[in-house]
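>>> mind folding the following:
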Amino acid sequence: MDALSAQALLSLLQSEGVSAFLPENAIPWTADNVCIDSRKVHNGSLFVPLPGANADGHDYIESALNNGASGFLAETGRNVPYPERAIFVDNTKEALFHLAAAYRKTLRLSMVSVTGSVGKTTTKDLIAGVLATTYTVGKTEGNYNNELGLPLTLLSLDQTHTAAVTELGMSARGEIERLTFAAKPDVAVITHIGTAHIEHLGSRENIAKAKLEIAASMREGSPLVVNGFEPLLLNQPETKHLRVLPVGPEGSFLWAKDVQATENGTRFTVCGAAKFSVFLPLPGLHNVQNALLAIAVGLLHDIAPEKMAKALENAAPAAMRQRLYQADGIHILEDCYNASPDSMAAALAVLKGLPGRRFAVLGDMLELGAYAEQAHREVGRTACGSADVLVVCGEHMRFAAEEAAFSGCKVYYFTKQEAADFLAEQVQKGDSVLFKGSRGMRMEEVLDAFCAKRGLTREKREVH
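Now for the predicted structure:
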């Protein structure tokens with residue numbers, strides 16, 4: 001964040017209609033970053049204490065100041081230490097959001113916002129890599145894609161940035177619209193409409209409506225890059241004011257041909273608005289589609305094809321998202337960050353192309369509601385065509401196990417520890433193993449236990 005005085009921060013808040021004031025005994029102070037964790041503040045931080053279920057950030061204001069915070073927000077009526085360093089507001093969480101929305105308006109940069117049921121983080125990172133060849137780029141880090149994370153991302157930008165890529169997540173209608181109000185995207189991207197969060201939204205049509213909320217704050221004629229294979233994203237009333245650019249199908253804005261899967265990634269030729277060859281060190285046809293979305297954004301920013309090809313060649317998967325590597329001759333596909341029916345199908349398709357005996361180690365897909373049984377049975381049928389051995393953990397994966405066993409696949413239903421023990425005994429050099437499940441299943445624990453038992457060294461993983 002650019003350095004801002006307490007008075008400037010107050011003015012930003014008030015410009016968004018936030019009821020905010022400085023106390024009569026206020027002393028001058030300046031902040032150049034925003035933090036919501038008193039343990040992570042440093043010199044010059046604006047500390048924003050948030051009330052929570054287990055702790056109230058207001059109880060840590062003194063600790064934040066001792067750690068270097070210049071000042072803090074506080075809710076009106078609270079008895080806080082050093083009130084002369086406070087900006088008082090009605091609600092600190094709302095104030096943080098509106099502060100970010102106001103600050104965003106001061107930035108002179110190209111804002112790209114990405115949403116979708118699957119592929120958001122990978123596509124965001126590919127876009128950031130492409131833009132970084134020409135621009136100074138800020139981006140969403142980790143899982144900062146919600147009503148707390150997005151404001152912190154926006155407030156981490158400054159006047160040195162010439163472009164930014166923000167990821168917008170959601171679980172209910174209205175959430176993307178609220179986030180896009182703050183982000184104010186100049187370019188937007190929708191990766192895919194799947195069945196994640198169908199428990200709350202009821203249908204893919206409703207999920208599409210929720211994702212299309214990204215158009216709500218976009219100016220007339222702004223570009224919206226979408227997955228052209230998804231009819232629910234085409235010719236929609238929400239996007240009539242935008243320039244919609246479908247990507248994927250032959251004859252659309254961009255598409256791929258001559259796709260060649262290799263052990264280290266995928267080669268393909270970009271066709272349409274540009275024509276050039278790309279090697280992407282990420283497995284799977286779904287990542288070709290993600291790369292096309294990134295290339296489309298690059299073209300909208302006048303980036304040369306050779307620069308984009310080089311950036312994509314150097315792409316790396318985000319933490320726990322389809323990281324393919326070898327450990328003592330065993331091919332490990334680590335995809336433990338989250339899971340939905342669509343991402344499960346994509347991961348199993350990658351496994352199908354890997355060498356040796358193929359083990360699929362799968363945990364439950366969560367937040368599917370009444371659709372859970374059907375979705376897990378579909379995964380079981382899909383796994384039979386991709387894996388030689390299916391190892392499942394979790395309540396809902398019993399349905400996948402039933403379907404796979406019925407189709408003649410070798411199936412084992414285990415606890416996570418039992419799964420690790422079984423794999424340690426059965427997996428041999430030259431085999432391939434996929435680990436995947438929803439975040440709540442923490443399937444990386446199976447991978448960790450398996451590697452420990454076999455004495456394997458896995459790639460360094462960052463958990464967000």
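
>>> quick one: contacts of the helix or strand hosting residue 87?
Per DSSP states H and E: residue 87 is located in strand 86-89. Here strand 86-89 makes contact (CB atoms under 8 Å, 6 or more residues apart in numbering) with 6, 9-10, 13, 18-23, 26, 71-76, 80, 95. Bear in mind the C-beta positions are built from the backbone N, C-alpha and C, glycine included.

>>> next secondary structure after it?
The element immediately downstream of strand 86-89 (helix or strand, assigned by DSSP H and E) is helix 92-104.

>>> about what we covered before: could I get the strand holding residue 87 in CSV with only the CA atoms?
Taking C-alpha atoms only, strand 86-89 is exported to CSV below (Å, rounded to 0.1, in the frame of the first residue of the first chain):
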residue,chain,number,x,y,z
ALA,A,86,-7.3,4.8,16.3
ILE,A,87,-9.8,5.4,13.6
PHE,A,88,-13.2,4.6,15.0
VAL,A,89,-15.8,2.8,12.7
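
>>> quickly run through the sheet partners of that strand, with directions.
According to DSSP bridges, strand 86-89 has the following sheet partners: strand 20-21 (antiparallel), strand 71-75 (parallel).

>>> the strands in the stretch 151-300 of the chain, which residues?
Counting by DSSP state E, counting those that start in this stretch, one finds strands in the stretch 151-300 of the chain at the ranges 163-167, 187-190, 223-227, 243-248, 254-262, 265-272, 276-280.

>>> closest one to residue 441 among the ones you listed?
strand 163-167 (22.1 Å; CB to CB).

>>> give the buried residues for the closest one.
163, 164, 165, 166, 167 (16 or more other CB atoms under 10 Å).

>>> which among the contacts of strand 86-89 end up buried?
Burial by neighbour count, 16+ other CB under 10 Å: within the contacts of strand 86-89 this picks out 6, 9-10, 13, 18, 20, 22, 26, 71-75, 80, 95.

>>> tell me the bridge partners for residue 138.
Residue 138 has these beta-bridge partners by DSSP bridges: residue 164.

>>> export the buried residues of strand 163-167 as TSV, with columns for distance to residue 63.
TSV is the format used below for the buried residues of strand 163-167 (distance: CB to CB, whole Å):
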residue	distance to residue 63
163	36
164	31
165	33
166	30
167	31
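
>>> re earlier: quick one: which of the strands of the stretch 151-300 of the chain is nearest residue 410?
Residue 410 lies closest, by CB to CB, to one member of those: strand 254-262, at 25.0 Å.

>>> partners of the closest one, with directions?
Checking strand 254-262 against DSSP bridges gives partners strand 243-248 (parallel), strand 265-272 (antiparallel).

>>> tell me the mean pLDDT for that strand?
In this model, strand 254-262 has an average pLDDT of 93.

>>> stretch 383-402 now?
Averaged over stretch 383-402, pLDDT sits at 95.

>>> can you give me how far that stretch is from the chain middle?
What separates the centre of stretch 383-402 from the centre of its chain is 26 Å, taken as CA atoms, centre = their mean, to the nearest Å.

>>> now do stretch 67-75
Distance of stretch 67-75 from its chain centroid, counting by CA atoms, centre = their mean, is 29 Å.

>>> contacting residues around it?
So stretch 67-75 is contacted by 6, 29-31, 35, 38-39, 41-49, 51, 58, 61, 64-65, 80, 83, 85-92, 95-96 (CB under 8 Å, 6+ apart).

>>> equivalent analysis for stretch 299-307, please.
Here stretch 299-307 makes contact (CB under 8 Å, 6+ apart) with 110, 130-131, 133-135, 163, 187, 223, 225, 254, 270, 273-276, 298.

>>> recalculate using a threshold of 10 Å.
Stretch 299-307 has contacts (CB atoms under 10 Å, 6 or more residues apart in numbering) with 110, 112, 127, 130-135, 162-163, 186-187, 222-223, 225, 243, 245, 253-254, 270, 272-278, 295, 297-298, 308, 310-311.

>>> give the buried subset of these as a PyMOL selection command.
Buried residues among those (16+ other CB under 10 Å), as a PyMOL selection:
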select buried, resi 110+112+127+130+131+132+133+134+135+162+163+186+187+222+223+225+245+253+254+270+272+274+278+295+297+298+308+311
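
>>> quick one: low-confidence ranges for this protein?
Flagging of the chain using pLDDT under 70 yields the residue ranges 196-199, 319-320, 458-464.

>>> got phi/psi on the residue nearest the centre of it?
Closest residue to the average C-alpha location of the chain: residue 121 at 3.4 Å, with CA atoms, centre = their mean. The phi and psi values for residue 121, taken as degrees, to the nearest 10, are phi -70, psi -40.

>>> Three-state assignment for the nearest residue to it once chain neighbours are set aside, please.
Among residues not flanking residue 121 along the chain, residue 318 sits closest, at 4.9 Å (CB to CB, 6 or more residues apart in numbering). Following DSSP: H, G, I helix; E, B strand; the rest coil, residue 318 is assigned to coil.

>>> what about residue 318, how many neighbours?
Burial of residue 318, expressed as a neighbour count using other CB atoms under 10 Å, amounts to 18.

>>> so it makes contact with residue 287?
No: applying CB atoms under 10 Å, one finds residue 318 not in contact with residue 287, separated by 11.8 Å.

>>> overlap in contacts, these two.
Common contact partners of residue 318 and residue 287 (CB under 10 Å, 6+ apart): residue 122.

>>> can you show me the helices along the stretch 51-200 of the chain?
Counting by DSSP state H, counting those that start in this stretch, the stretch 51-200 of the chain has helices at residues 61-66, 92-104, 120-131, 149-155, 175-183, 198-201.

>>> partners of residue 88 in the sheet?
residue 21, residue 74.

>>> near it, how many other residues are there?
Counted with other CB under 10 Å, residues neighbouring residue 88 total 21.

>>> on that earlier part again, and the helices of the stretch 51-200 of the chain as TSV, adding distance to residue 212?
Listed next are those as TSV, based on distance: least, CB to CB, whole Å:
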stretch	distance to residue 212
helix 61-66	39
helix 92-104	21
helix 120-131	15
helix 149-155	18
helix 175-183	8
helix 198-201	13
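
>>> can you say which of those helices is nearest to residue 432?
Of all the helices of the stretch 51-200 of the chain, helix 120-131 sits nearest to residue 432, with 20.6 Å by CB to CB.

>>> report the angle between the closest one and strand 163-167.
Helix 120-131 runs at 170 degrees relative to strand 163-167, counting by axes from the mean of the first three to the mean of the last three CA atoms, to 10 degrees.

>>> so which elements touch helix 120-131?
Applying 3 or more CB pairs under 10 Å, 6 or more residues apart in numbering; DSSP states H and E, one finds that helix 120-131 contacts strand 110-115, strand 137-139, strand 163-167, strand 187-190, strand 223-227, helix 285-300, helix 305-313.
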